[in-house]
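> could you work out the structure for the sequence below:
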Amino acid sequence: MAPIFEQAASTMEPQVIFAKLNTQEAPVIATEYHIRSIPTIAIFERGKVINQRAGAMSQADLTSWIEQSI
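Coordinates of the predicted model:
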């Protein structure tokens, strides 16, 4: 999923900011956002999760899902 994430970031930034969280290094944050499986992708707006999805996606699916969510 990392290459797909990077490709989506390269096409959507700066309109969308992409960030990664290492759940082993930040288990409290992972718990706070109910991350139970990897990959989990969350979309935030003004500091709040507006959409969240677990599981791998193609770049087209990821980009489309983000665009529909924002």
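
> and the helix or strand Thr31 falls within, C-alpha only, in CSV?
Using DSSP states H and E, Thr31 sits within helix 27-32. Output of helix 27-32 as CSV, limited to C-alpha atoms (Å, rounded to 0.1, in the frame of the first residue of the first chain):
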residue,chain,number,x,y,z
PRO,A,27,-0.2,2.8,20.1
VAL,A,28,-2.2,5.4,22.1
ILE,A,29,-3.0,7.4,18.9
ALA,A,30,-3.9,4.2,17.1
THR,A,31,-6.3,3.2,19.9
GLU,A,32,-7.8,6.7,20.0
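
> middle-most residue in the chain, spatially?
Ile41 (2.9 Å; Cα atoms, centre = their mean).

> so that residue, which state does it fall into?
When classified by DSSP: H, G, I helix; E, B strand; the rest coil, Ile41 comes out as strand.

> so it sits against Gln52, correct?
Yes - between Ile41 and Gln52 there is a contact under Cβ atoms under 8 Å: 7.0 Å. (Glycine included, C-beta is placed from N, CA and C.)

> for Arg36, give its distance to Ala30.
Computed as Cβ to Cβ, to the nearest Å, the Arg36 to Ala30 distance reads 8 Å.

> I misspoke; the intended subject was Met12.
According to Cβ to Cβ, Met12 and Ala30 sit 24 Å apart.

> check the offset of stretch 38-50 from the chain's centre.
Put simply, stretch 38-50 sits 6 Å off its chain's centre (Cα atoms, centre = their mean, to the nearest Å).

> for it, list every residue counted as buried.
Across stretch 38-50, burial judged by 16 or more other Cβ atoms under 10 Å covers Pro39, Thr40, Ile41, Ala42, Ile43.

> check which helix or strand Asn51 maps to.
strand 48-54.

> got the angle for the next helix or strand after that strand vs strand 48-54?
Downstream of strand 48-54, the first helix or strand assigned by DSSP H and E is helix 59-69. Interaxial angle, helix 59-69 versus strand 48-54 (axes from the mean of the first three to the mean of the last three Cα atoms, to 10 degrees): 150 degrees.
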